[in-house]
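Asker: Let's see this in three dimensions:
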Amino acid sequence: MAIYSIRDLEKLTGIKAHTIRIWEQRYGMVKPARTDTNIRYYTDENLRLLFNIALLNRHGYKISKLAQMSADEIAHRVADIAQNNGSQNTQIDALTLAMIDLDEATFDRIFSTYTSEHGFEQTMVDLVYPFLDKLNVLWLTNSVSPAHEKFIGHLIRRKLMCAIDKETAEPARDAATFLLYLPDDESQELTLLFMHYLLRNRRQRVVYLGHRISLSDLEDACQPLRPDFVFTILQEPIPRQPIQGYLDAAAQVANPSQLLLTGAQLFVNPIKLPPNARVLNGLQDTIQFLDSLKLRQRGKTSAMGDMQTLIGSAM
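Answerer: This next block holds a predicted model:
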């Protein structure tokens, strides 16, 4: 059984500690337990109840009325709202609870329902990435355990792999070639997999190397392949090397390909981008780049078709 401080509850639910104490003192809700030395702490059951109370409160239920309901009645009403309400915040709260409960069935239901209504890409952008941002804060503040993080990361990874496999591996005739990799000690595999999906969905040619790729390995792939673009993520510090040194070396290995870069390390310290490198500032910037590339490719294809028509009519 996990135990939480009131600050943990605040970070997990977004409800101020002061409000939690008022609900406890005035209405007798979310009562903490105490250690042998009289230190207050909260359990998974407290956390679950607080999530449910907060969700119902946001949907118009008064705290005084909720205080008169049993935990089962509160949970039942929450289930009805979660099933019939597709709002982003409601679904993110539900995903957080599914993670804490290690509840794969609930995660799958939320993900599948949102995907059927909005599509896979928008589910990742609107639901999963805001949830992962929240999870990152919880992880940094030790409010969730590695077990919770690994559990939910595994489920999201499976969804990404399945979505990638559903997209055709046959690129468009005018497709660009992208090589995707992560350097040593970089943990952003879910984002790299999502990039794989985005490229497949737009019928670009993708070569996925995965994580723990040295610059020597990258060179072995780039030399025969000659990709149009090499994409990587630099979220974590590069071990035993300044970021500028790594950028210069990676750009030289990728040359003449364009090196596409994203990640927090590109903004921590001032850097000088090599001539063949470009920074994509976050997920939305990355998607915009891919969509603009696709539009340019369509324009070229259309122009070639018009030229062929003119040649044919002249003959």
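Asker: starting at the chain centroid, how far to stretch 156-173?
Answerer: 17 Å (CA atoms, centre = their mean, to the nearest Å).
Asker: Just the buried residues of it, please?
Answerer: Neighbour counts using 16 or more other CB atoms under 10 Å place 156, 159-160, 163-164, 167, 171 of stretch 156-173 among the buried residues. The way it works is simple: take the backbone N, C-alpha and C, and place the C-beta from them, glycine included.
Asker: Chain neighbours aside, what residue packs nearest to T115?
Answerer: Distances taken as CB to CB, 6 or more residues apart in numbering place T123 nearest to T115, at 4.7 Å, with adjacent residues excluded.
Asker: actually G245, not the one I wrote
Answerer: Per CB to CB, 6+ apart, closest to G245 is I238, 8.0 Å.
Asker: got a list of what the one you found touches?
Answerer: 183, 185, 245-246, 265 (CB atoms under 8 Å, 6 or more residues apart in numbering).
Asker: Validate this expectation: the residue nearest to T115 resides in a helix.
Answerer: Yes: counting by DSSP: H, G, I helix; E, B strand; the rest coil, T123 is found in a helix.
Asker: That one and G14, how far apart?
Answerer: From T123 across to G14, the span is 22 Å (CB to CB, to the nearest Å).
Asker: between the two, who's got more neighbours?
Answerer: Using other CB atoms under 10 Å as the criterion, T123 and G14 rank with T123 on top: 22 against 14.
Asker: can I assume that one is in contact with S112?
Answerer: No: applying CB atoms under 8 Å, one finds T123 not in contact with S112, separated by 9.2 Å.
Asker: Number of residues surrounding the closest residue to T35 other than its chain neighbours?
Answerer: In this structure, T35 finds its nearest non-sequential neighbour in Y41, 6.6 Å apart by CB to CB, 6+ apart. Under the neighbour criterion other CB under 10 Å, Y41 is assigned a count of 15.
Asker: got the phi/psi numbers for Y41?
Answerer: phi -150, psi 160 (degrees, to the nearest 10).
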